[in-house]
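[1] Give me a model of this one.
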Amino acid sequence: MSKQIKISVRNLVEFILRSGDIDNTFVSSTRALEGTRAYQKVQRSYGEEYTPGVVLRHILNYEDFTIDIEGRADGILIENENIIID
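    Okay, here's the model as predicted:
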């Protein structure tokens, strides 16, 4: 029987890049709200080819482990035959 490991993409990246490459600094609520509104405006401009809030999951079997990695992309954009993960 394999050992089960479940981890979020964020926790996996934070563990791998412990050197501080992810900016986790505090941002004021006003600035965060402005950023959210600006980003929502950009998302709306993508049109029907854009699917917001997509859950992504990959299960990897490695030796005695089953690793379940799950996260959420802000969205998926399909342009021509190209898939862009936002």
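[2] Can you name the residues in contact with the strand ranked longest in the chain?
    When the chain is parsed with DSSP state E, its longest strand is strand 65-79. Contacts to strand 65-79, defined as C-beta atoms under 8 Å, 6 or more residues apart in numbering, come from residues 2-10, 12, 39, 43, 46, 49-61, 83-86. (C-beta placed from N, C-alpha, C; glycine too.)
[3] So among those residues, which ones count as buried?
    Buried by 16 or more other C-beta atoms under 10 Å: 46, 50, out of these.
[4] Quick check: strands, which of the contacts of strand 65-79 are part of them?
    Per DSSP E, the contacts of strand 65-79 map to strands at 3-8, 50-61, 83-85.
[5] residues in contact with residue 43?
    By C-beta under 8 Å, 6+ apart, the contact set of residue 43 is 50, 52, 74, 75, 86.
[6] rerun at 6 Å
    residue 52 (C-beta atoms under 6 Å, 6 or more residues apart in numbering).
[7] And for residue 4?
    Counting by C-beta under 6 Å, 6+ apart, residue 4 has contacts residue 66.
[8] Okay, and the beta partners of it?
    residue 66 (DSSP bridges).
[9] Need the three-state assignment for residue 18.
    coil (DSSP: H, G, I helix; E, B strand; the rest coil).
[10] ok, it to residue 79 distance?
    35 Å (C-beta to C-beta, to the nearest Å).
[11] got it, and residue 37?
    From residue 37 over to residue 79 (counting by C-beta to C-beta), the distance is 24 Å.
[12] do the same with residue 39
    When distance is defined by C-beta to C-beta, residue 39 is 19 Å away from residue 79.
[13] Report the angle between the lengthiest helix in the chain and strand 50-62.
    As assigned by DSSP state H, the longest helix anywhere in the chain is helix 29-45. Per axes from the mean of the first three to the mean of the last three C-alpha atoms, to 10 degrees, the angle that helix 29-45 makes with strand 50-62 is 100 degrees.
[14] list the buried ones in helix 29-45?
    For helix 29-45, it's none, nothing buried (16+ other C-beta under 10 Å).
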